[in-house]
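J.: Kindly generate the corresponding structure for this input.
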Amino acid sequence: MKKGNKIYRIHGEDGPTSVFILKNTKNRTLKQRFQQIKYNRKKKCIEKMITGENHHSIEDVLAFVVNECGLAELDKDSVKVKEEYEQLRASFILQYKPELLGKYAKIPPLDSEEPEAVMEHLEKCKEQFQHAMAVPKELFDIDMHKYIKEYSDINESLDVVIETKYGYIGGGATGDRAVKDFDEMMIRLHKYYGVTQEDIDNQTERYKNLIRALCR
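T.: Purely as a prediction, here's the structure:
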């Protein structure tokens, strides 16, 4: 982050590093405003087209991703799957059962853009997440499945993660072709999962996720 004549460095740690850029979102560029208008128009058109007629259970989606999309499920006991399971479980605790964290259930909002304040806030977020990971499975657990699509290029990868208890569909991709395939995969899976009329009426998370996928 650069402010005036100062340059601040965030020292790296093992694993992925997230960088948050704080900016006044009111001062959007013309291109950003145009993109937002375009997105809103597309969203409204999609909302008019969605019905509660074609929908399937999350268990049906598990079979669909293998039989129709051609992905292979990874062994739940593999190190990679176990690590992602623990991280997803912790994030779901923060989202759905924060009361299990006691005093760590809520951290104060960031009230300054100064690098020191940002770093302190990120440390509190990290501490909160670590406490979420320490919550016993007897108190909170999830049912996560991870699938992969293999490519001839070892630098390309695509994975799909499905959690059945909360109806989560996500994943990620690396490489131009894989990223394109992933976007198409998310649209396909969310369309197959679909929504009920109750989801539409109550604007549930399942409904919102379908809208986001179709607006890609």
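
J.: For Ile162, give its distance to Ala134.
T.: Distance from Ile162 to Ala134, counting by C-beta to C-beta, to the nearest Å: 25 Å. Bear in mind the C-beta positions are built from the backbone N, C-alpha and C, glycine included.

J.: Tell me which of those two has more neighbours.
T.: Shown here are Ile162 and Ala134; by other C-beta atoms under 10 Å, Ile162 has more neighbours (23 against 11).

J.: Tally up the residues packed near the residue lying closest to that one once chain neighbours are set aside, please.
T.: Nearest non-adjacent residue to Ile162, counting by C-beta to C-beta, 6 or more residues apart in numbering: His145, 4.9 Å away. For His145, the neighbour count with other C-beta under 10 Å is 19.

J.: repeat for Pro115
T.: Burial of Pro115 is recorded as 15 neighbouring residues (other C-beta under 10 Å).

J.: Kindly provide the distance from it to Ala178.
T.: Separation of Pro115 from Ala178 (C-beta to C-beta): 35 Å.

J.: in this structure, which helix or strand is least confident?
T.: Using mean pLDDT, DSSP states H and E, the weakest-scoring helix or strand in the chain turns out to be strand 2-3, at a mean of 46.

J.: What segments of the chain are helices?
T.: 30-49, 58-67, 79-96, 115-133, 176-193, 197-202, 205-214 (DSSP state H).

J.: and stretch 127-138, which residues are buried?
T.: Going by neighbour count (16 or more other C-beta atoms under 10 Å), the buried part of stretch 127-138 is Gln128, Phe129, His131, Ala132, Val135.

J.: what about it, how long is it end to end?
T.: The straight-line separation of the ends of stretch 127-138 (C-alpha to C-alpha, to the nearest Å) is 21 Å.

J.: Not counting that stretch itself, show me its contacts.
T.: The set of residues external to stretch 127-138 that reach it, using C-beta atoms under 8 Å, 6 or more residues apart in numbering, is Glu86, Gln87, Arg89, Ala90, Ser91, Ile93, Leu94, Leu100, Leu101, Tyr104, Ile107.

J.: Which residue, neighbours along the chain excluded, lies closest to the last one?
T.: Which is Ile107. Lys124 (4.7 Å).

J.: Next, count neighbours for the one you found.
T.: Lys124 is flanked by 14 other residues according to other C-beta under 10 Å.

J.: So for it, what's the pLDDT?
T.: The per-residue pLDDT reported for Lys124 equals 92.

J.: separation between it and Val118?
T.: Counting by C-beta to C-beta - Lys124 and Val118 are separated by 11 Å.

J.: Nearest residue to Asp143 in space, ignoring adjacent ones along the chain?
T.: Thr164 (4.5 Å).

J.: Roughly how far does that neighbour sit from Ser57?
T.: Counting by C-beta to C-beta - Thr164 and Ser57 are separated by 9 Å.
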